[in-house]
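Novice: Kindly generate the corresponding structure for this input.
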Amino acid sequence: MTDSSQNHSGYLTGQFLVAMPSMTDPRFQRTVIYLCVHNAEGAMGLVVNRLVDSLTFDELLEQLNIGRPRGGDEIRVHFGGPVESGRGFVLHSTEYMREGTVVMDNGIGLTATVDILRDIAGGTGPRDSLLALGYAGWGPGQLDGEIQENAWLTVPADADLLFDAELDDKWDRAVGILGFDPKLLSMESGRA
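Specialist: Okay, the predicted model is just below:
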């Protein structure tokens with residue numbers, strides 16, 4: 001009997017990618033990325049442990065001409081990745097569903113419409129959410145090659161960690177999901 005909730009395709013949609021200590025690209029050093037898509041055409045994910053320093057949620061709403069009633073929810077704006085940095089994505093709990101929401105196998109929703117921002121601003125958005133501008137993207141086979149070169153560690157995604165507002169130690173906690181101390185990760189790449 002097979003468990004249909006397991007992803008047996010070899011693809012990593014719905015998992016965390018954790019940058020190895022040897023990661024030299026400053027945009028991805030010590031990042032945790034939630035993989036939204038990973039298939040034969042490539043991969044797309046959102047960095048979940050970095051904020052956009054130059055933009056607040058209220059400023060974003062103002063740019064989009066979205067009014068914010070008193071008592072509406074406030075969320076932080078994350079740096080989702082270097083690709084299409086003006087495009088917004090919201091990872092969220094799935095009690096909130098609208099047209100255009102995509103649900104991953106592990107029950108995390110992804111919505112990329114302005115409507116979700118209106119709902120969050122008005123206090124009717126999802127219980128848990130993470131807003132990211134931009135994304136990280138890989139072409140066919142590119143991410144697989146980077147994983148084989150020891151640039152990334154794959155970790156089962158955890159919703160509590162995903163939506164946790166404490167960013168400073170999110171990388172350490174993501175590695176900790178695997179049950180070992182992050183200090184034990186090698187700075188060297190290669191194979192045994």
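Novice: drop to CA atoms for contacts and neighbour counts, all remaining ones
Specialist: Noted.
Novice: Contacts only, for the closest residue to residue 40 other than its chain neighbours.
Specialist: Counting by C-alpha to C-alpha, 6 or more residues apart in numbering, the nearest residue to residue 40 once its immediate chain neighbours are dropped is residue 140, at 5.9 Å. The contact partners of residue 140, taken as C-alpha atoms under 8 Å, 6 or more residues apart in numbering, are 39-43.
Novice: which of the residues you listed has the most neighbours?
Specialist: Neighbour tally across the contacts of residue 140 (other C-alpha atoms under 10 Å): the maximum, 22 neighbours, falls on residue 43.
Novice: partner residues bridging that residue?
Specialist: Each beta-bridge partner of residue 43 is listed here: residue 38, residue 138, as defined by DSSP bridges.
Novice: ok, and what's touching the helix or strand harbouring residue 155?
Specialist: Counting by DSSP states H and E, the element that carries residue 155 is strand 152-156. For strand 152-156, the external contacting residues (C-alpha under 8 Å, 6+ apart) are 12, 14-20, 146-147, 174-175, 177-178.
Novice: Need the pLDDT of the residue nearest to residue 39 when sequence neighbours are not counted.
Specialist: Across the structure, with C-alpha to C-alpha, 6+ apart as the measure, the residue nearest residue 39 apart from its sequence neighbours is residue 11 (5.9 Å). Per-residue pLDDT puts residue 11 at 88.
Novice: try residue 75
Specialist: Confidence score, pLDDT, at residue 75: 88.
Novice: OK, contacts around the nearest residue to it once chain neighbours are set aside?
Specialist: Setting aside the residues directly before and after it, residue 75 is nearest to residue 57 in space (C-alpha to C-alpha, 6+ apart), at 6.2 Å. Contact criterion C-alpha under 8 Å, 6+ apart gives 74-77 as the residues in contact with residue 57.
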